[in-house]
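A.B. asks: with the input below, show me the fold.
(chains A and B)
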Amino acid sequence: MTAHPNGERLLGGFAAFAAGDLAALEALFAPEVEWTIPGRNRLAGTARGLPAVLALVRSFATLTDGTYGASPRWVLADDEHAVVGYRATGSREGRTIDLDQALLCRFGDGRVVEVLGLPTDPDAFDAFWA
Amino acid sequence: MAEHENVGGVRRVFSAFGGGDKRALYEVIAEDAVWLVPGTVPVSRVYRGREEIFGLFRDTRRLTEQTYRSELRWALADDEHAVAVYRASGTRLGRSLDIDQVLLIDLADGRWSRIVAVPTDPLAFAEFWA
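C.D. replies: Got it, this is the predicted structure:
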């Protein structure tokens, strides 16, 4: 099945993150984008607006000394939503993460307006990002 | 774009949760399916096989004195994966739950084979089910 354009856009965002191409990442998001991370950890909360969201994305790399990786396993999308299932890996302060996560995105006019990061093991996620 | 038949399966399962045709649960969920509830609350564990999974469904109703509801908000699917975002609500021991939750579903031969149920607010989830 051919992936929906919103799925392709989201996968393009993962590729841009892996390549450190923040300009390409920036084009993915609407100015009013909001990115929520659940739980009790230093990333938890909602980043509101493009600058805050880009700072959050950069922090994935800086907080892990550049070891953080997000490898897409599958993607689903329609006109309004896209979800990527991915493997998150990295190390930080002597701890490691190797966890299935999902990114749930809502689109408006071809750009991401809402993101929810969803770890499949919230406790392991909290421990890593403490 | 025509809705994928596995999105239809998601709709039928949630319809069954809401009192609709229970045959959908047998037709959509594989007999040897594995259902994972992460976390450390009493319902957190790996449920192996449809009978254990149906036991989980009964427990969520029993532990909430039949107030537990799960209302599908949106779903995506292809042949191998599905995602269901739903509103979970109910009351229990004087506490109330009203949060979005997500089912991340692997499919095999058109049926759900592995399901991970993830709360979008793990803290609220843990407090409710504690």
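A.B. asks: quick one: the helices in chain A, in order.
C.D. replies: For chain A, the helices defined by DSSP state H cover A:5-19, A:22-28, A:50-62, A:122-128.
A.B. asks: now chain B
C.D. replies: B:5-17, B:23-28, B:50-62, B:122-129.
A.B. asks: okay, the helices of chain A in a markdown table with distance to residue B:130 and mean pLDDT next?
C.D. replies: C-betas here are computed from N, CA, C, even on glycine. Formatted as a markdown table, the helices of chain A follow (distance: least, CB to CB, whole Å; pLDDT from 0 to 100):
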| stretch | distance to residue B:130 | mean pLDDT |
| --- | --- | --- |
| helix A:5-19 | 35 | 96 |
| helix A:22-28 | 38 | 93 |
| helix A:50-62 | 30 | 96 |
| helix A:122-128 | 14 | 95 |
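A.B. asks: residues of chain B that sit close to chain A?
C.D. replies: Applying CB under 8 Å from any CB of the partner chain, we find that chain B lies next to chain A at B:1, B:36, B:38-40, B:74, B:76-83, B:85, B:102, B:104, B:116, B:118-123.
A.B. asks: mind giving me the ChimeraX select for those residues, buried ones only?
C.D. replies: What follows is the ChimeraX syntax for the buried subset of these, where burial is set by 16 or more other CB atoms under 10 Å in any protein chain shown:
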select /B:36,38,39,74,76,77,78,81,82,83,85,102,104,116,118,119,120,121,122
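A.B. asks: now the helices of chain B as JSON lines including mean pLDDT?
C.D. replies: Formatted as JSON lines, these follow (pLDDT from 0 to 100):
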{"stretch": "helix B:5-17", "mean pLDDT": "97"}
{"stretch": "helix B:23-28", "mean pLDDT": "97"}
{"stretch": "helix B:50-62", "mean pLDDT": "96"}
{"stretch": "helix B:122-129", "mean pLDDT": "94"}
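A.B. asks: among those, which comes closest to residue A:45?
C.D. replies: Closest to residue A:45 of these, according to CB to CB: helix B:122-129, at 12.1 Å.
A.B. asks: give me the contact list for that closest one.
C.D. replies: With contact meaning CB atoms under 8 Å, 6 or more residues apart in numbering or on different chains, helix B:122-129 is reached by A:38-40, A:122, B:39-44, B:63, B:90, B:92, B:95-97, B:99, B:101, B:119.
A.B. asks: one more time with 6 Å, if that's ok
C.D. replies: Contact with helix B:122-129 is made by A:38-39, A:122, B:41, B:43, B:95, B:97, B:99, B:119, as judged by CB atoms under 6 Å, 6 or more residues apart in numbering or on different chains.
A.B. asks: which of the residues you listed are buried, as a PyMOL select command?
C.D. replies: Typed into PyMOL, the next command selects the buried ones out of the contacts of helix B:122-129 (criterion: 16+ other CB under 10 Å):
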select buried, (chain A and resi 38+39+122) or (chain B and resi 41+97+99+119)
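A.B. asks: quick check: longest strand of chain A.
C.D. replies: strand A:95-108 (DSSP state E).
A.B. asks: that older thread, quick check, nearest of the contacts of helix B:122-129 to residue B:51?
C.D. replies: Closest approach to residue B:51 among the contacts of helix B:122-129 (CB to CB): residue B:43, at 16.0 Å.
A.B. asks: now the closest one. Its backbone dihedrals?
C.D. replies: As for residue B:43, its main-chain torsions (degrees, to the nearest 10) stand at phi -90, psi 0.
A.B. asks: show me what contacts it?
C.D. replies: Residues near residue B:43 by CB under 6 Å, 6+ apart: B:37, B:129.
A.B. asks: contacts only, for residue B:112.
C.D. replies: With contacts defined as CB under 6 Å, 6+ apart, residue B:112 is in contact with B:28-29, B:33, B:105.
A.B. asks: which one of the residues you listed has the most neighbours?
C.D. replies: Within the contacts of residue B:112, neighbour counts (other CB atoms under 10 Å in any protein chain shown) peak at residue B:105, which reaches 27 neighbours.
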